[in-house]
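Asks: Fold the following for me, if possible:
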Amino acid sequence: MIEKSVCIVGLGLMGGSLVRALKGQVKWLIGVDRHASTRQLALSDGVVDTVTDDLSSGVSGADLIILATPVQTILQILRDLPQLRPDGCMVMDMGSTKEEICEAMAALPGSFAAIGGHPMCGKETAGYHASDADLFREQTFILSRNGRTTHQIEELSLSIIEHVGAHSMFLSADEHDQIVAVASHLPYVISATLMHRASEMGDDRVWSVSASGFRDTSRLAGSDPRMMLEILLTNRKAILSQLNQYNQELAEVSELLEGGNKAALAAWLAEAQQQHSVYHRQKMDSS
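Replies: Numbers count the residues shown, from 1 in each chain. Okay, here's the model as predicted:
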């Protein structure tokens, strides 16, 4: 049991999964969400002690505030917190990008303690109805220190992560944004591009002949576009860097194909397979 009152702002997929995972694990659990239907479901499910649509009321008196809204909303709340909680408190977030958020956290008054967070998991389906208490189990939960990070907020965030069954990893905000740009955001852009390309063919037969390769590669295109728009814009520098390098790699493959260079193309494919095997073994070892 964590002897702290915790307020989770935003009860969508991430926030909803977190309240489910923390049910009965903290002294008092408060939910804040603007949707009446979500608030009613959270109450009827018994996953929160109280729930409100009023941010000021929700965060008042909470020992720890966890921001589980889209990134731009997180940034706005961080700007408003000094007025909402002039006495200060501990703050953590679950946003998908970290540099701007950690900069905003560092700008909080000294009465606040804050740490950036990002659970590396999710679903294509958004909203409270898709939430799952086991969403974080055996997944990596990244933490990013900033100028307002204290030992107390570190210890509390690590305890939260342990209680939801995840594994913690510390990364700087810049390291986080560079890594997730290639591990998460670039795959989404590629998936969305593939979906556009298939649709622009103007041939319905493409859907009939598509199999697991297309299904698996295009899966991320089903992600919430509003959420992904904010991710792309708040991490655009790192994503553009990875896109440029990805385009260079594609250009090199195009040259191999145009030249019919069988040996070089075979070596390129074999290297990719070997790298995939290494990745698969590492994932299996860490699970």
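
Asks: Can you show me the strands along the stretch 101-250 of the chain?
Replies: Assigned by DSSP state E, counting those that start in this stretch, the strands in the stretch 101-250 of the chain fall at 113-119, 140-144, 167-170.

Asks: for the record, mean pLDDT for stretch 130-143?
Replies: Mean per-residue pLDDT for stretch 130-143: 95.

Asks: Now the terminal residues of that stretch, how far apart.
Replies: 24 Å (C-alpha to C-alpha, to the nearest Å).

Asks: tell me which residues in that stretch are buried?
Replies: Buried residues in stretch 130-143, counted by 16 or more other C-beta atoms under 10 Å: 131, 133, 135, 136, 139, 140, 141, 142, 143. (Glycine included, C-beta is placed from N, CA and C.)

Asks: Which one of the residues you listed is nearest to residue 64?
Replies: Residue 64 lies nearest to residue 143 out of these, by C-beta to C-beta, at 13.8 Å.

Asks: what sits against the closest one?
Replies: Counting by C-beta atoms under 8 Å, 6 or more residues apart in numbering, residue 143 touches 115, 116, 117, 154, 157, 158, 161, 168, 169, 170, 171.

Asks: Which one (most neighbours) among these?
Replies: residue 116 (32 neighbours; other C-beta atoms under 10 Å).

Asks: separation between that one and residue 266?
Replies: Plainly put, residue 116 is 43 Å away from residue 266 if you go by C-beta to C-beta, to the nearest Å.

Asks: Please apply the same query to residue 9.
Replies: Following C-beta to C-beta, the distance that separates residue 9 from residue 266 is 52 Å.

Asks: what's the answer for residue 94, then?
Replies: Taking C-beta to C-beta, one finds residue 94 at 43 Å from residue 266.

Asks: cool, residue 230 as well?
Replies: The value you get for residue 230 to residue 266, if C-beta to C-beta is used, is 41 Å.

Asks: How are the helices of the chain distributed by residue range?
Replies: 13-22, 36-44, 55-59, 71-84, 99-106, 151-163, 173-180, 186-200, 205-209, 212-218, 225-234, 236-259, 262-286 (DSSP state H).

Asks: helices or strands up against the longest one?
Replies: Using 3 or more C-beta pairs under 8 Å, 6 or more residues apart in numbering; DSSP states H and E as the contact definition, the elements that helix 262-286 packs against are helix 236-259.

Asks: Which positions in the helix it packs on come out as buried?
Replies: By 16+ other C-beta under 10 Å, the buried positions in helix 236-259 come out as 238, 239, 242, 243, 256.

Asks: Next: stretch 49-68.
Replies: 49-52, 55, 58-59, 62-68.

Asks: what's the answer for stretch 23-30, then?
Replies: Buried, per 16+ other C-beta under 10 Å, within stretch 23-30: 26, 29, 30.

Asks: next one: stretch 148-168
Replies: 148, 149, 153, 154, 156, 157, 160, 161, 163, 164, 166, 167.

Asks: now that stretch: how far from the chain's centre is it?
Replies: Put simply, stretch 148-168 sits 16 Å off its chain's centre (C-alpha atoms, centre = their mean, to the nearest Å).

Asks: Please report the number of neighbouring residues for residue 2.
Replies: Residue 2: 17 neighbours (other C-beta under 10 Å).
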